[in-house]
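J.: Got a predicted structure plus its sequence, pasted below:
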Amino acid sequence: MAKPDLICVGAVSGAFGVRGEVRIKSFCADPAAIGGYSPLFTQNGKISYDIELTRTVKGGFAAKLGGLSNKEDADAMRGTRLYVPRDRLPSLPDDEYYHSDLIGLEVVDTGGASCGKVTAVHDHGAGDILEISAANLKEPALLPFTLESVPTVDLAAKRIVIDPPEGMF
């Protein structure tokens, strides 16, 4: 797991060409903003890379990461998530959250009954989905992260109030 003060802003999806460029998938609200957060860090925060976006490609950007000079170096980076210190990111409006802030929060229904904990936040392009795990569930429940399904997020209390569809829990 990443250090709490680091926020994942993108991932390397593979090599691009033979000169060490990589394909970057940005997780930023403005995808091109990832280029302005240089240097980016690995999950443990020990290795950093200067980043230069070189062009837009299908599914993201081609980029040069400092220290990569050939296709083999770039191939070795595939799947590497890239992080930036939280204090270098913009503050968010009250109704927006970084995914890392939601993971681990207790989940209760509108009546106050415990439903589990948020174990992941998925974004497949159509909106965020909360993955909620609990001892009484055989598999994690997936709930759309919409105002209708999640009326309250209280980061101070480390709790999310949900209004799930009938029978989900």
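T.: Ah, there it is.
J.: any idea which residue of this structure is furthest from its center?
T.: Distance to the chain centre peaks in the chain at Gly111, reaching 29.6 Å (criterion: CA atoms, centre = their mean).
J.: Mind pulling the model confidence for that one?
T.: For Gly111, the pLDDT comes out at 91.
J.: In the protein, spot the helix with the most residues.
T.: helix 71-76 (DSSP state H).
J.: which other helices and strands contact the helix or strand that that one is followed by?
T.: For helix 71-76, the following helix or strand on the C-terminal side (DSSP states H and E) is strand 81-85. For strand 81-85, the packing partners by 3 or more CB pairs under 8 Å, 6 or more residues apart in numbering; DSSP states H and E come out as strand 6-16, strand 40-41. C-betas here are computed from N, CA, C, even on glycine.
J.: tell me the SS of the residue farthest from the centre of the chain?
T.: coil (DSSP: H, G, I helix; E, B strand; the rest coil).
J.: Test my guess that Ile24 contacts Gly10.
T.: Yes: counting by CB atoms under 8 Å, Gly10 is a contact partner of Ile24 at 5.3 Å.
J.: Compare neighbour counts for those two and give me the winner.
T.: Neighbour totals were compared for Ile24 and Gly10, and Ile24 leads with 29 against 25 (other CB atoms under 10 Å).
J.: By mean pLDDT, flag the weakest helix or strand of the chain.
T.: Every helix and strand in the chain was compared by mean pLDDT, DSSP states H and E; the lowest is helix 99-102, with a mean of 88.
J.: on that earlier part again, which outside residues touch the longest helix of the chain?
T.: 12, 14-22, 65, 67-68 (CB atoms under 8 Å, 6 or more residues apart in numbering).
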